[in-house]
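> from the sequence below, what's the structure:
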Amino acid sequence: MKIQVAIDLLTTQDALELAAKVAPYVDIIELGTPLIKAEGLSAIAAIKSAHPDKIVFADMKTMDAGELEADIAFAAGADLVSVLGSADDSTVAGAVKAAKERNKGIVVDLIGIPDKAKRAREVIALGAQFVEFHAGLDEQAQPGYDLNGLLNAGIVAEVPFSVAGGVSIKTIGDVQKAGAQVAVAGGAIYSAADPAFAARELREALVQAA
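This next block holds a predicted model:
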């Protein structure tokens, strides 16, 4: 299972500084939607230039113009681009078309989708590389939120998937046991007093759980 760091910072410089600290311990560097909105496609290019050996994930959360938005992100240096699961099938298919032309990948984000397992199977059939079972920050802040809901959806769907929404040193073992290909850690890394130490702890916890 790969570890993905979600960088939800607002400047390219801050993102570069964080990426430099955690790169030795992660496989995928994700540029969060707020960062891309604040800094534009140049942030993608900067991260890919600094870390050409890492998979760079542009969390575009595309809802329309799938082929166009995916293509411009790939051209900027992204290896993976996200499309929202609530988008029309034609939007997903367009993004997949752009990915195939550039030998890249589309990840479909299932945030807000009630029947995540069903939609997961649909978008994998459309050509998505994997799906992301995702609970956003607002959802995680609600009383009673439980990561197990995402893990159970992943188990039921039986498709390649990642999990984002409360991954930490305490839960990464459960994410791996559920069969996820990727564990996405955001706040557990970038909000830590020592992000490099936090990322290393996640890596070590993953090795121990294997």
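> run through the neighbouring helices and strands of the host helix or strand of Phe57.
Phe57 is part of strand 55-62 when elements are defined by DSSP states H and E. Strand 55-62 sits against strand 2-7, strand 28-31, helix 33-39, helix 42-50, helix 66-76, strand 80-84, strand 105-109, with contacts defined as 3 or more Cβ pairs under 8 Å, 6 or more residues apart in numbering; DSSP states H and E. (C-beta placed from N, C-alpha, C; glycine too.)
> for the third one, packing partners?
It stands for helix 33-39. helix 12-22, helix 42-50, strand 55-62.
> parallel or antiparallel, list what pairs with the last one.
By that I understand strand 55-62. Partner strands and pairing direction for strand 55-62 (DSSP bridges) are strand 28-31 (parallel), strand 80-84 (parallel).
> quick one: which of those is nearest Gly186?
Within these, the stretch nearest Gly186 is strand 28-31; the backing value is 8.2 Å (Cβ to Cβ).
> tabulate the helices and strands packed on strand 55-62 in TSV, adding columns for distance to Leu126, mean pLDDT and mean neighbour count.
Converted to TSV, the helices and strands packed on strand 55-62 look like this (distance: least, Cβ to Cβ, whole Å; pLDDT from 0 to 100; neighbours: other Cβ atoms under 10 Å):
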stretch	distance to Leu126	mean pLDDT	mean neighbour count
strand 2-7	22	98	24
strand 28-31	22	98	26
helix 33-39	22	97	17
helix 42-50	24	98	19
helix 66-76	10	98	21
strand 80-84	10	98	26
strand 105-109	8	98	26
